[in-house]
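Colleague: this one's structure only:
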Ligand SMILES: *[C@@H]1O[C@H](CO)[C@@H](O)[C@H](O)[C@H]1NC(C)=O
Ligand SMILES: *[C@@H]1O[C@H](CO)[C@@H](O)[C@H](O)[C@H]1NC(C)=O
């Protein structure tokens, strides 16, 4: 209770867009360092115009210290046998698929959420029947419950989002109840024994934060800078930044920064093995939102198409994420698009306060509708996706479609650091919805996912 009041005061009294609440000084040296790294990362301003080499938390922890189930969460974690009893699995599963989960996560019934007695895990609800990391007075624990720190949405925004999801679910919107009832143990079996690499720009970085937060009871609340996990100097020199969290059973989530296909194809992919990427891993990629000109985007996407075509047999399982929606005060919300007829900035170029796309509606079947001819491009997925997705589809790469769900989420930009940033959101909002979209794709692709051998799972990373 006391903590809650304190956090609220912090949220009220600090200019949330400029600074972050300070941390308790009682934390250990190691944690303080790590916090400082995190704060720096959160304060970095991911303006799309400024290339940023994301430098993240410096961990003092031993690199390969496995997440110790027994000593970290005494008795709160069942190594085996904590199989989710709820239905949410494809009917026929490949033999490698093992539905067990290292933690026990009770499903929160939708009815309880409808009565307002609980919120979805995606929105920061604590693990049931009991939780461990959630009780720690520690940065990631606070942030992952969206109580404070960094780009956490205000309580008002969180209430609005919850109401929005609930009313969509009540109106029978496809997949909405499932989204609200999703547990981290639904996703873990698809990741077991693999690393899921989230490769892309600052939007992917925010997605990483959302994803690692959804799974925050599975790791030790220490993020490891990717370069600290590597020894090869040449490999390190190719990195623009990234970090990993280490979960049980040789399972990791890693973010790798790459703003452009050019960097991805020429620098990162050639050293992927040195980075620790394996064929059995999963790589979620997106590079589009940095590119504001149609010509550059065309060049970039063809580089990726060419690279993928030549190397797909050696790559991890690739999933593409579509380009994300922007809500700038321009006709179509785009930041700018030089020479791109669908998305001209206003003549006075003052398009820097976010605005809703009031003439576009997200229907219960998750399709978009508009009567406004100028917004047809939005209904069709935005100019970037119109250009890139057909090519990605042709390659047979599965796509996480986030666009439609993101269109209504214009009001969650203001909680981010920059007032005029209508690209990134505060948490929880769009990114958390994307997690459920990613889960859908993993389910659909379960037969295409490369198997993970039990022996690989048993070997330390
Ligand atoms: C599933 O994974 C758990 C944890 O690694 C293991 O104990 C169990 O034996 C596995 N089940 C099967 C059927 O492989
Ligand atoms: C998004 O909306 C468009 C336009 O209504 C629709 O064609 C498309 O299928 C929708 N996409 C998804 C993934 O629901």
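Modeller: Received, thanks. Since we're looking at a predicted model, the values are computed, not measured. Numbering: from 1, shown residues only. Ligands and ions are numbered 1, 2, ... in the order given.

Colleague: Centre of the chain to the longest helix along the chain, how far?
Modeller: Counting by DSSP state H, the longest helix found in the chain is helix 294-311. Here helix 294-311 is found 24 Å from its chain centre; the criterion is C-alpha atoms, centre = their mean, to the nearest Å.

Colleague: So residue 319, which state does it fall into?
Modeller: strand (DSSP: H, G, I helix; E, B strand; the rest coil).

Colleague: hey, where'd the strands end up in the stretch 151-300 of the chain?
Modeller: Assigned by DSSP state E, counting those that start in this stretch, the strands in the stretch 151-300 of the chain fall at 195-200, 224-225, 242-247, 251-257, 282-285.

Colleague: I meant to write the stretch 351-461 of the chain there.
Modeller: Going by DSSP E, counting those that start in this stretch, the stretch 351-461 of the chain shows strands at 360-362, 368-370, 399-400.

Colleague: Pairing partners for the shortest one, with directions?
Modeller: Put plainly, it is strand 399-400. Note on strand 399-400: by DSSP bridges, its sheet partners are strand 317-321 (parallel).

Colleague: Where do the helices of the stretch 51-200 of the chain begin and end?
Modeller: 69-72, 110-114, 139-144, 155-170, 176-181, 184-191 (DSSP state H, counting those that start in this stretch).

Colleague: which of the ones you listed has the lowest average pLDDT?
Modeller: Within the helices of the stretch 51-200 of the chain, confidence is poorest for helix 69-72, with a mean of 30 (mean pLDDT).

Colleague: and the end-to-end length of stretch 275-291?
Modeller: 26 Å (C-alpha to C-alpha, to the nearest Å).

Colleague: wait, isn't residue 215 in contact with residue 251?
Modeller: No: between residue 215 and residue 251 there is no contact under C-beta atoms under 8 Å: 9.1 Å. Where C-beta positions appear, they are placed from N, C-alpha and C, glycine not excepted.

Colleague: can you tell me how far the residue lying closest to residue 300 once chain neighbours are set aside sits from ligand 1?
Modeller: Spatial nearest neighbour of residue 300, chain neighbours left out: residue 261 (4.1 Å); criterion: C-beta to C-beta, 6 or more residues apart in numbering. Distance of residue 261 to ligand 1, given as C-beta to the nearest ligand atom, to the nearest Å: 37 Å.

Colleague: So what's the residue count around residue 261?
Modeller: By other C-beta atoms under 10 Å, the residues close to residue 261 number 27.

Colleague: low-confidence ranges in the chain?
Modeller: 1-91, 289-290, 336-352, 415-419, 454-461 (pLDDT under 70).

Colleague: Who are the contact partners of residue 209?
Modeller: With contacts defined as C-beta atoms under 8 Å, 6 or more residues apart in numbering, residue 209 is in contact with 143, 150, 427, 431.

Colleague: any chance of these in TSV, with distance to ligand 2 and neighbour count too?
Modeller: Formatted as TSV, these follow (distance: C-beta to the nearest ligand atom, whole Å; neighbours: other C-beta atoms under 10 Å):
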residue	distance to ligand 2	neighbour count
143	29	23
150	29	23
427	23	27
431	17	27
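
Colleague: follow-up on the earlier one: what touches both of residue 215 and residue 251?
Modeller: residue 188.

Colleague: These two: who's more crowded?
Modeller: Using other C-beta under 10 Å, the more surrounded residue of residue 215 and residue 251 is residue 251, with 25 against 21.

Colleague: OK, contacts around the residue nearest to the more buried one when sequence neighbours are not counted?
Modeller: Of all residues not flanking residue 251 in the chain, residue 191 sits nearest, at 5.1 Å (C-beta to C-beta, 6+ apart). By C-beta under 8 Å, 6+ apart, the contact set of residue 191 is 247, 251, 253, 282.

Colleague: ok so, going back, for the longest helix of the chain, give me every contacting residue.
Modeller: 260-262, 264-265, 269, 287-288, 291, 315, 318, 337-340, 383-384, 387-388, 391-392, 394-395, 397.

Colleague: Name the nearest residue to the residue in the chain positioned nearest to ligand 2, sequence neighbours excluded.
Modeller: Relative to ligand 2, the nearest point of the chain is residue 367 (3.2 Å; C-beta to the nearest ligand atom). In space, and not counting its chain neighbours, residue 367 is closest to residue 404: 6.6 Å by C-beta to C-beta, 6+ apart.

Colleague: do the same with residue 187
Modeller: Closest to residue 187 by C-beta to C-beta, 6+ apart is residue 439, at 5.5 Å.

Colleague: what's the spacing between that neighbour and residue 175?
Modeller: Residue 439 is 10 Å from residue 175, where distance means C-beta to C-beta, to the nearest Å.

Colleague: Next: residue 153.
Modeller: Look at residue 153 and residue 175: by C-beta to C-beta, they are 22 Å apart.

Colleague: between these two, which one's more packed in?
Modeller: Set side by side, residue 153 and residue 175 show more neighbours around residue 153, with 25 against 17, by other C-beta under 10 Å.

Colleague: That one reaches residue 162, doesn't it?
Modeller: No: distance between residue 153 and residue 162: 10.6 Å, which falls outside the contact criterion (C-beta under 8 Å).

Colleague: what's the burial count for residue 140?
Modeller: Residue 140 has 26 nearby residues by other C-beta under 10 Å.

Colleague: re earlier: show me which residues of the longest helix of the chain are buried.
Modeller: If you call a residue buried by 16 or more other C-beta atoms under 10 Å, then helix 294-311 has these buried ones: 294, 297, 300-301, 303-305, 307-308.

Colleague: For burial, what's the neighbour tally of residue 395?
Modeller: Considering only other C-beta under 10 Å, residue 395 is surrounded by 13 other residues.

Colleague: ugh, wrong one, I meant residue 450
Modeller: Residue 450: 15 neighbours (other C-beta under 10 Å).

Colleague: which residues does the spatially most central residue of the chain contact?
Modeller: The centroid of the chain falls nearest to residue 207 when counting by C-alpha atoms, centre = their mean (1.9 Å). Shown in contact with residue 207 (C-beta under 8 Å, 6+ apart): 198, 200, 321, 431, 434.

Colleague: any idea how far residue 426 is from it?
Modeller: 14 Å.

Colleague: Just the helices from the stretch 301-450 of the chain, written as ranges.
Modeller: According to DSSP H, counting those that start in this stretch, the helices that the stretch 301-450 of the chain contains are 376-379, 382-394, 403-406, 430-444.
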